[in-house]
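Engineer: Next comes the sequence, and after it the predicted model I'd like to discuss.
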Amino acid sequence: MASSLLLGVRKGAWTEEEDNLLRKCIVKYGEGKWNQVPLRAGLNRCRKSCRLRWLNYLTPNIKRGDFTSDEDDLIIRLHKLLGNRWSLIAGRLPGRTANDVKNHWNTHLQKKLVAQTQGTDKARITTGSTILIKPKPRTFSKTTTFLIENTTLEPNIRTNENSSSPKAIDDSIKWWNNLFETKENGEGTTLSDGLSLGLLEDLCLDQNIWEILSSDQILAQ
DNA sequence: AAATCGCCCAACCGCTGCAAC
DNA sequence: TGTTGCAGCGGTTGGGCGATT
């Protein structure tokens, strides 16, 4: 912080020249090592600013323009499942950034939902409270029994040699297993924590969110 | 034409988790 | 085991810009 003040790190809108410098730097050195980027690129910006600028604006394949109704629908359903996990939601929307999704939600979708709730469909919408599914582990240990024994786990899960205690890891893994595990009981099929499979299917409707949620990328985040 | 208002989005800030030492 | 630094995330802010008065 003090060094930033002393160096007079630039803030505010990025110029085209700065964008070009950052772009060249990433092309040359690749993403990552953000603390080195300002120096490498010759930019008088903090590493956070560089990272954000790249992720939200300069990354190739970023989709510009209005969100489609399909994208809106997917965001709404994922938000109902995941809550404000913008990076996870954005991960399911090719070309959209977490910031885009967050802004779009705050400026459009939230109002849309409020309007819907105040409409004739109010009773149906308000009968169920939001169920948030909060993914627990971000990393897994290579040495856990789960990874050793469960060879069918998707290959690109981030592994981590020195993660927390085996018990904590196992708890996290159980959490994921339970989430995707269905149970038969007298009242029908349910998911863990009393989450009804029927309700989840209702949330997903024609969008195959179930497949999306259980795919490797969401586990790898 | 000028002033005001409201919306939208880019950028910043603060916090958390993880890894290295 | 505690400390430090880095990366990433979500919440919030501020400025640009179009619409309205």
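Structural biologist: Perfect, I can see it now.

Engineer: For the rest of this, base every contact and every neighbour count on C-alpha atoms.
Structural biologist: Noted.

Engineer: For stretch A:69-85, buried residues please.
Structural biologist: Across stretch A:69-85, burial judged by 16 or more other CA atoms under 10 Å covers A:71-72, A:74-83, A:85.

Engineer: correction: stretch A:95-105
Structural biologist: If you call a residue buried by 16+ other CA under 10 Å, then stretch A:95-105 has these buried ones: A:96-102, A:104-105.

Engineer: residues in contact with that stretch?
Structural biologist: Here stretch A:95-105 makes contact (CA atoms under 8 Å, 6 or more residues apart in numbering) with A:55-56, A:61-63, A:75, A:86-91.

Engineer: Pull out the CA atoms of it and give them to me as CSV.
Structural biologist: C-alpha atoms of stretch A:95-105 as CSV (Å, rounded to 0.1, in the frame of the first residue of the first chain):
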residue,chain,number,x,y,z
GLY,A,95,-17.6,-15.4,-23.4
ARG,A,96,-19.2,-13.8,-20.4
THR,A,97,-17.2,-12.6,-17.4
ALA,A,98,-18.2,-12.7,-13.8
ASN,A,99,-18.3,-8.9,-13.8
ASP,A,100,-20.6,-8.9,-16.8
VAL,A,101,-22.9,-11.4,-15.2
LYS,A,102,-22.9,-9.6,-11.9
ASN,A,103,-23.7,-6.2,-13.5
HIS,A,104,-26.4,-7.8,-15.7
TRP,A,105,-28.0,-9.4,-12.7
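
Engineer: Does it reach DNA strand C?
Structural biologist: Yes: Stretch A:95-105 reaches DNA strand C (CA under 7 Å from any atom of the strand) through A:98-99, A:103.

Engineer: one step back: now rank the contacts of stretch A:95-105 by neighbours and give me the top one.
Structural biologist: A:Ile89 (25 neighbours; other CA atoms under 10 Å).

Engineer: What residues does it make contact with?
Structural biologist: Residues near A:Ile89 by CA under 8 Å, 6+ apart: A:75, A:78-79, A:82, A:98, A:101.

Engineer: Is DNA strand B within reach of the helix or strand in which it is found?
Structural biologist: Here A:Ile89, judged by DSSP states H and E, is contained in helix A:86-91. No: shown here: helix A:86-91 not in contact with DNA strand B (CA under 7 Å from any atom of the strand), separated by at least 11.6 Å.

Engineer: C-terminal to that helix, what's the next element?
Structural biologist: The first helix or strand that comes after helix A:86-91 along the chain, using DSSP H and E, is helix A:98-104.

Engineer: In terms of residue numbering, what are the domains of chain A?
Structural biologist: A:2-58, A:69-126, A:145-220 (automatic domain parsing).

Engineer: Taking chain A, what residue is nearest to DNA strand B?
Structural biologist: The nearest approach of chain A to DNA strand B comes at A:Lys11, 3.1 Å away (CA to the nearest atom of the strand).

Engineer: Spell out the secondary structure type for the residue nearest to that residue when sequence neighbours are not counted.
Structural biologist: The shortest distance from A:Lys11 to any non-neighbouring residue, by CA to CA, 6 or more residues apart in numbering, is to A:Arg45 (7.0 Å). Here A:Arg45 is recorded as coil under DSSP: H, G, I helix; E, B strand; the rest coil.
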